[in-house]
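**Q** Sequence plus the predicted model coming up.
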Amino acid sequence: MGNELGQTEKNGRLFLPSLAFSYFATGPLGVLVSLLLVDIGLTFNADVSLTSQVNTSYSITAFVFALLMGVLSVRFRRKTLLIIGILLTCSSALSFYFAWDFVVVLVAYSLSGIGWAMISPTVFTLIGERISLAKRANAIGLTVAAGALGYVIGPLLIAWIASLGGWRLCLVGFVMPVLLVSLLMASVGVPSSSRNVQKLPNGRDYLKGFKDVLSNRSAVACIVGDALRSTAFVATLIYVASFFRTHFQKSTEFASFVLLGGASCYAIGSVIAGPFVNRLGRKKLTVVNAVLAGTFTICYYLTPNLWLSMTLVMVASLFFGMLVSSANSLILEQIPEARGTMMSLSTASLNLGSALGTAIGGLALSSFGYGGLGTTLGAMGIAAAFVFLLFAREPLNK
């Protein structure tokens with residue numbers, strides 16, 4: 001492993017950029033759904049609370065397949081899994097483009113959930129295996145920031161392209177080209193060799209990683225905390241554009257600037273979290289960020305002033321960016337010998353949380369309006385902090 005690590009870091013100059021771009025490439029389709037949720041609903045005569053359930057179907061599919069990835073990550077090469085994940089996301093975008101009714105949209109977007117379930121754990125597992133511990137937190141931060149760039153670049157481009165030809169044009173004019181570049185970079189930049197491929201004698205051995213993770217209280221706490229922080233983030237990821245368009249009666253272009261600002265702060269937070277991870281510790285930073293992210297989410301939904309609400313969105317996004325970097329750093333080191341399974345279960349929990357967040361958010365929106373939505377989902381972030389605080393351990397304490 002040591003020789004492999006050294007060789008990868010010395011010669012694989014495209015290794016981290018290819019992983020970061022793969023992570024970035026999963027974002028544009030989500031940006032499109034978030035920003036143009038109202039427009040997609042109008043195409044198929046569905047309101048926002050119904051149309052937002054495309055994210056529920058996506059998340060449930062990703063959750064189920066992420067569990068399967070716990071087995072696939074043991075048997076197949078990381079590069080193979082990454083490339084298949086990108087190809088599935090390409091197929092999703094193409095199917096989305098040709099969708100003729102809302103059911104097809106649900107199925108098409110769910111397909112990208114399978115792609116995400118393959119790409120996300122593979123990217124972070126590769127970082128854990130091939131980047132030295134001293135550089136790992138920064139590599140995670142940069143990768144997360146690259147993913148956030150989809151929400152920096154995406155809103156303006158998607159809003160502009162949509163103004164020219166509707167939401168379908170955005171799929172072939174932006175989403176697909178990004179995915180094809182990602183496919184090329186992953187093919188060239190990620191080494192084909194991988195130590196995870198094993199010839200195991202029976203099916204029971206494939207489940208050893210699950211047993212290792214699920215019998216570890218701290219690892220289970222991290223998975224539960226991940227689900228809760230993902231539930232909280234739905235308030236910003238899925239509903240914030242609709243909130244500003246509906247509650248404050250603002251245009252799609254205005255909402256795109258809110259998404260752009262929030263994504264920029266998220267990217268900044270994910271990068272600056274790296275140095276703090278090594279100084280303050282993974283657990284402590286995760287707990288603090290979860291509390292602050294959840295609290296500011298509640299605040300910006302309850303604030304009646306437009307500009308103050310926008311400012312609080314930026315602050316909440318900054319702490320969500322720091323949270324995802326610190327939480328991934330915490331989770332990645334819990335059980336080093338079962339990283340593939342741990343990151344797959346983490347991805348499953350994130351998607352379960354996202355599905356719950358969308359469902360709960362839609363119910364809260366219908367019953368109590370956007371204030372109830374923000375309060376309910378923001379409280380989930382605070383709950384995540386308590387789970388990490390009480391049950392997770394700092395993995396690198398001597």
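**A** Thanks, I have the structure now.
**Q** what's near enough to touch residue 217?
**A** Residue 217 sits next to residue 391 when contact means C-beta atoms under 8 Å, 6 or more residues apart in numbering. No exception for glycine: its C-beta is placed from N, CA and C like everyone else's.
**Q** so how far is residue 392 from it?
**A** 9 Å (C-beta to C-beta, to the nearest Å).
**Q** try residue 153
**A** Computed as C-beta to C-beta, the residue 153 to residue 392 distance reads 34 Å.
**Q** Pick out whichever of those two has more residues nearby.
**A** residue 392 (25 against 18; other C-beta atoms under 10 Å).
**Q** Please work out which helix or strand belonging to the chain has the smallest mean pLDDT.
**A** Ranked by mean pLDDT, DSSP states H and E, the weakest helix or strand in the chain is helix 2-11, scoring a mean of 42.
**Q** After that helix, which helix or strand is next?
**A** Downstream of helix 2-11, the next assigned helix or strand under DSSP states H and E is helix 15-25.
**Q** same for that following helix, what does it pack against?
**A** Under the contact criterion of 3 or more C-beta pairs under 8 Å, 6 or more residues apart in numbering; DSSP states H and E, helix 15-25 touches helix 78-97, helix 102-130, helix 133-165, helix 176-189.
**Q** winner for burial among these?
**A** Mean neighbour count (mean count of other C-beta atoms under 10 Å) peaks for helix 102-130 among the helices and strands packed on helix 15-25, with a mean of 24.
**Q** quick one: average pLDDT of that helix?
**A** Per-residue pLDDT over helix 102-130 has a mean of 88.
**Q** now stretch 172-182
**A** For stretch 172-182, mean pLDDT is 92.
**Q** what separates that stretch from the chain centre, distance-wise?
**A** 18 Å (C-alpha atoms, centre = their mean, to the nearest Å).
**Q** Please enumerate residues in contact with it?
**A** Against stretch 172-182 from outside (C-beta under 8 Å, 6+ apart): 21-22, 24-25, 28-29, 32, 86, 89-90, 93-94, 97, 150, 154, 157-158, 161, 165.
**Q** again with stretch 307-315
**A** 236, 240, 244, 248, 258, 261-262, 265, 296, 299-301, 303.
**Q** what do you get if the cut-off is 7 Å, keeping everything else the same?
**A** 236, 240, 258, 261, 262, 265, 296, 299, 300, 303 (C-beta atoms under 7 Å, 6 or more residues apart in numbering).
**Q** And stretch 235-243, by the same measure?
**A** With contacts defined as C-beta under 7 Å, 6+ apart, stretch 235-243 is touched by 34-35, 37-38, 48, 52, 55, 255, 258-259, 262, 297, 301, 313, 316-317, 320, 358, 361, 370, 373-374, 377-378.
**Q** What separation is there between the nearest residue to residue 25 once chain neighbours are set aside and residue 140?
**A** Of all residues not flanking residue 25 in the chain, residue 182 sits nearest, at 3.6 Å (C-beta to C-beta, 6 or more residues apart in numbering). Going from residue 182 to residue 140 by C-beta to C-beta gives 18 Å.
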